[in-house]
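# Sequence below, structure please.
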Amino acid sequence: MYSNRGELYRMYVFGLVGIAGVTLTLSRQIPNCTYSSFVAMMEYIYTGRAPELDVFSAEPGSGVDRAISLLELADQFFIYSLKQICEKQICECVNAETYTFLLQIAQKTNASQLESYCRYFERNHQNDMNL
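All right, here's what the predicted structure looks like:
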């Protein structure tokens, strides 16, 4: 009896092939998450190295969109250090065209550093924007 429990626990935790060829597959879906953002977050968690975020890249799945996706994921999983890294990178993209969108993202993700920078930009560049 105890050995079966141990085997089932091992299968549940590790998703390994069980007794008599039974396979247990575990899958979890994370809403509004791209695969590349999830991998970048996991690499950050396990290595401590900041992901490479080129916010000005024009390639699909990279650039500011990837940074925003990673910011939302870091907020969802309460990884504050990664969140600050993303905020710092996204701040470089704040301009008259992106200001309102990035302010909404900052408020949605509780990104205080990004929100403060957007407010600063609003105060100091009112002539450049159509408010």
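
# tell me the domain boundaries of this protein?
1-30, 31-124 (automatic domain parsing).

# Single out the most deeply packed of those domains.
Ranked by mean neighbour count, the domains of the chain are led by domain 31-124 with a mean of 16 (mean count of other CB atoms under 10 Å). Placement of C-beta: from N, CA and C, glycine included.

# any idea how far residue 119 is from the residue most central in space within the chain?
With distances taken as CA atoms, centre = their mean, residue 70 lies nearest the centre of the chain, 2.1 Å away. As defined by CB to CB, to the nearest Å, residue 70 lies at a distance of 23 Å from residue 119.

# re the thing from before, and the domains of the chain, which one averages the lowest pLDDT?
In terms of average pLDDT, domain 1-30 trails the rest of the domains of the chain, at a mean of 55.

# okay, how far is it across stretch 100-117, tip to tip?
Distance between the boundary residues of stretch 100-117 (CA to CA, to the nearest Å) amounts to 12 Å.

# what's residue 106 sitting at in phi/psi?
Residue 106 has phi and psi values of phi -60, psi -40 when expressed as degrees, to the nearest 10.

# That one: what's it in contact with?
If a contact means CB atoms under 8 Å, 6 or more residues apart in numbering, then residue 106 has 87, 112, 114-115, 118 as its contacts.

# one more time with 7 Å, if that's ok
With contact set as CB atoms under 7 Å, 6 or more residues apart in numbering, residue 106 has these partners: 114-115, 118.

# Format these as a markdown table; extra columns: distance to residue 29 and secondary structure.
Conversion of the contacts of residue 106 to a markdown table gives the following (distance: CB to CB, whole Å; DSSP: H, G, I helix; E, B strand; the rest coil):
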| residue | distance to residue 29 | secondary structure |
| --- | --- | --- |
| 114 | 27 | helix |
| 115 | 29 | helix |
| 118 | 31 | helix |
